[in-house]
Each structure stands twice: as structure tokens, then as C-alpha cells.
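K.L.:
I need the structure of the sequence given here:
(chains A and B)
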Amino acid sequence: MPLDAPNTGHVVYDPRGIVEATAIPLGKRVADLNGLRLGILSNKKWNGNNLLRKTRAILEDEIDFAAVNFYEKESFSKNADPGLLGEIIADNDIVLTAIGD
Amino acid sequence: MARQKTVESRPVESVVSDGVDLVEWYYEKGFSDGFPVAPPTPEKIAATVDALGGDGDYVEARVPPRWGSLTREVLAINMVMAGCKPDYGPVVRAAMLALCSPAFNLHGVQATTHMASPLLVVNGPIRKKLEINAGHNVFGSGNRANATIGRAIRMILLNVGGGWPGDLDKSTLGSPAKYTYCIAENEELGYLAPYHVEKGFTEDDSTVFVMPAEPPHSVTNHVADDPEGILDSIVSAMSTIAHNNAVSAGHCAVVIGPEHAAVMAKYQWTRHDIKNYLWYQATNTFGEVAFQHRYGKVYNRSLPKWYKRDVDARIPVVPSAEHIHLFCAGGEAGRFSAFIPGWGHMASPVLRELDGKAPAGGGMVCEDGTCYL
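P.N.:
Predicted coordinates for the structure are as follows:
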């Protein structure tokens, strides 16, 4: 290109594509766990499962839950089944889950 | 609090000064897979969008886990950056539609700590039209179509899907297959029926097969002159507790090299015979998979319920012969084949005709042109 040529610029592109998202607000934190129904959702991985079992034992020593319900995902790498999520929502006040590879 | 929908707003294109080094500009923006990109031009993008059917704003898919919108224009931008010709468009698009189908679980494949990367195998006349290599060094370098079709898919998984290492891609080791992983089946040799024909398509149909996979593991056998001897070497590669199939079941692939395939053909072994032999012979004991319970009692719920849990029980590497996806590929010299472990039960490979046509032969569950295997 000649040195005195006009600077018309290069067109450059953003290859990422836009994201359309719906924000889901966080639930309110509960002040007291006593008397609540605790749901525990395991992803079925060996270490995640161990973490949940040990955490459950510690929590049950300290807190008087109305109920403790244990659930498992079909697969650690897939979303939980919508039916299972509905059951957890219906039968629990708070939920504990863990990721352990 | 009400849920609120938000849509990103930023220009797809902008202008920089003539003096800017465009290769460096794309590096600085973080839009490269690590190699220099081919800076896109309006002309090349337009040609690629035309090859995809026009309408650059048309959304082909949303790519997890970032869920970026893959419009035809964005698809074209990534293809040009990867070095693709416009004609490659229908193959890259079909592959992305297959990858984004729910059964493939691309979210999991992108985010896993495993090294899986989507393997793409192309069948049918499109292989010849696009000159996709099915011969010597089929998994290696040296061919534009194989290199850039696979690279375009990876660029889309990075840029649109957000699978950046350490961010949304949590792979511990990754693999070279995360640069490109695209081959064609060597149908011309005729030792085996083409893969897509086995699944009910015709030889005139062109298809893409995708499966989350480890890189290929070489199987050498320069001695055997019968199918059993060759397949026993592949069985040996399969029968280990190190790969994900052993501990998480799911699907795998086997690529028979032409010299080995010629032996199968000589003895009139069909795909059915080969897959069933491999499935029946490739086993571990449950005790091996469970580490003989040395670290605690293991049931392993990632494996099918019907696997016997006695430590001495022999269990298959994959749950059925149909979980072994068999291809013939490679150069005509050399007595090599390959075993390609999959990711596990967490994903299903899928097969898709380029235009989403269902197979005339039926036998598969196909939704919106994507057939679950």
C-alpha cells in the first residue's frame, strides 16, 4: 500500500455470538435451620458423595431438622431430571449439594 | 423478584486502523485457539454465509456452556478464522447441530475434567467433494479440510461455547484432539459397508458422526492373518481399567486400518461380526474396576445395573456391540488399527445427514434430523 494512501481501516469481527439470558434471583437466606426440611442432592460421584455424607453427619449433630431427604441425579454430568427437581422443591425447605470429582 | 431477560448488545464488526496487525489483534482479543487465525474479510464471510443458505442473522444453535448464539454470520466468522473454504459450511453446520443436540450433552463434554473432545467422522459423497482425507495419516496433519473443519468446530466451542481452558473447560489434561479431530471413512476400499449405510442411510447420503472421545490409541498387529488374531490385539487395547469406558460405560470407536480390514473382508467378516467379537472378548473383572475394594466397598453406579458386582465377574468394556462404532480409515500400507475410548454413559454419539434427512432404513431415533445412536 502506498505510504500516502488514505487510512480506511480494517474491518474486524467478534466471533463470540451474543448471549440471551434470563436472570434468576437468589432465594432469601434462612436465619435458623432448625425445624426445616433438608434435601440433599448427590451427583453420584465418589468424592462428592463422601463429602455430602460427612457434611450431613456434622449438620445432623448440630441442627434439629424436621426431615432429611436424600436424592441422586441420574448422571453426574447431566442436569437433574425436572421431575426430580420438582419433588425436591415440593418436599424440602433448603437443599445441600456438592461437586466432588 | 421477577426474572429479567437480558440480551447482550455489542457490534459483531468494527473498524481498526490500517496499521494494526490483524493476527495479533485477534490474539489480543482472546479469539484464537492458540494458532494464528486467518483474519476474516467481509467478502469471505459473505461467501461462507451464502454457502450456508444466506440470512446471516439466522440462529442455527446456541452453544453450551456459555450458550452463545451461533448465527450463520458467527459460524462463518469462525470458519474463516479457522481457514475453511466456504464449501465446508454444510459439514461444519451439521456437526454443530449434532453437537448441540441434547443427547450429546455438549455442556458436560465442554466442562468435564476428562480429556474428551468431539470426534467427527464424515461419510458419503461430500468427503470426495471437499477432499477430506480418509487415507494415509488420517488423524494427522497435512490436509486442509480435516485440519480446518475440525479447527472451526473447536473455534466455535471456544468463542461461542465459552470452553476456554480453566474457565468453563475444566479438563485436567486436555488433548491434541482439542485443536482438530476430523476424519472421513475410507469407503472406496470397500472392505466394510460404510458406517452410515450400516445405520440405514444410502451411499448417496452424506453424514457426520460425532462422539466425545479420547485421542486414538494405536493397535499394532503385523503377524495375524485372520480376523480373530487382529481383533485380539484391539481387545487388548480395550481391556484396561484406565479409560472412561471401563468405569463409566458408554460408547467407543474402533478404526480398522485398511490392511487389517482386508483380512476381515477375506474371511467375510461383517461389521456385525467384528463388533460382536470385540464386545464379547473385551472385558475386565469387576474386581479390577473396583480396585479389589482396597479403597472402600465399590458398587460403581456409573456402570449398568446388570453388570455382576462379584470381584471375579467378567464385565464388558461397553454395554453392547452397538456401543462400538466401527470405521475403516487410513492408508493402504501398514498393519495398524486404533481404539478410541469415549467419554462414558454421560453422552450419546449422534449421526446427522447434512440436510437433516432421516435414514430411509430407519432403526434409529431421529429428532430434527439428529439421530441418536
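
K.L.:
same for the worst-scoring helix or strand of chain A on mean pLDDT, what does it pack against?
P.N.:
Of all the helices and strands that make up chain A, the one with the lowest confidence by mean pLDDT, DSSP states H and E is strand A:20-23; it has a mean of 86. The contact analysis (3 or more Cβ pairs under 8 Å, 6 or more residues apart in numbering or on different chains; DSSP states H and E) places strand A:20-23 against strand B:4-7. Using the backbone N, CA and C atoms, a C-beta is placed for each residue, glycine as well.

K.L.:
quick check: residues of the stretch 51-200 of chain B near chain A?
P.N.:
For the stretch 51-200 of chain B, the residues found near chain A under the criterion Cβ under 8 Å from any Cβ of the partner chain are B:63, B:66-71, B:74, B:77-78, B:81, B:105, B:108, B:112-113, B:155, B:159-160.

K.L.:
can you tell me which of these are buried?
P.N.:
Neighbour-count burial within these applies to B:63, B:66-71, B:74, B:77-78, B:81, B:105, B:108, B:112, B:155, B:159-160; the criterion is 16 or more other Cβ atoms under 10 Å in any protein chain shown.

K.L.:
check whether stretch B:233-246 comes near chain A.
P.N.:
No. With Cβ under 8 Å from any Cβ as the threshold, stretch B:233-246 lies outside contact range of chain A, at a closest distance of 10.8 Å.

K.L.:
chain center to that stretch: distance?
P.N.:
19 Å (Cα atoms, centre = their mean, to the nearest Å).

K.L.:
now what about that stretch, what contacts it?
P.N.:
B:114, B:116, B:214, B:217, B:219-221, B:224, B:247, B:250-252, B:254, B:278, B:281-284, B:288-289, B:317-318, B:337, B:339, B:341-344 (Cβ atoms under 8 Å, 6 or more residues apart in numbering or on different chains).

K.L.:
and the strands in chain A, which stretches?
P.N.:
Listed from the start of the chain, chain A has strands (DSSP state E) covering A:10-13, A:20-23, A:37-42, A:67-72, A:94-97.

K.L.:
got it, and the stretch 201-350 of chain B?
P.N.:
For the stretch 201-350 of chain B, the strands identified by DSSP state E, counting those that start in this stretch occupy B:207-213, B:217-220, B:252-256, B:283-285, B:314-316, B:324-328, B:336-340, B:350-353, in order along the chain.

K.L.:
out of the ones you listed, deepest packed?
P.N.:
The highest average neighbour count among the strands of the stretch 201-350 of chain B, using mean count of other Cβ atoms under 10 Å in any protein chain shown, belongs to strand B:207-213 at a mean of 28.

K.L.:
okay, now the unreliable bits of chain B?
P.N.:
Confidence mapping of chain B against pLDDT under 70 gives the ranges B:1-3.

K.L.:
need the longest helix for it.
P.N.:
Among all segments of chain B classified by DSSP state H, the helix with the greatest residue count is helix B:144-159.

K.L.:
that's all I had, so thanks and see you.
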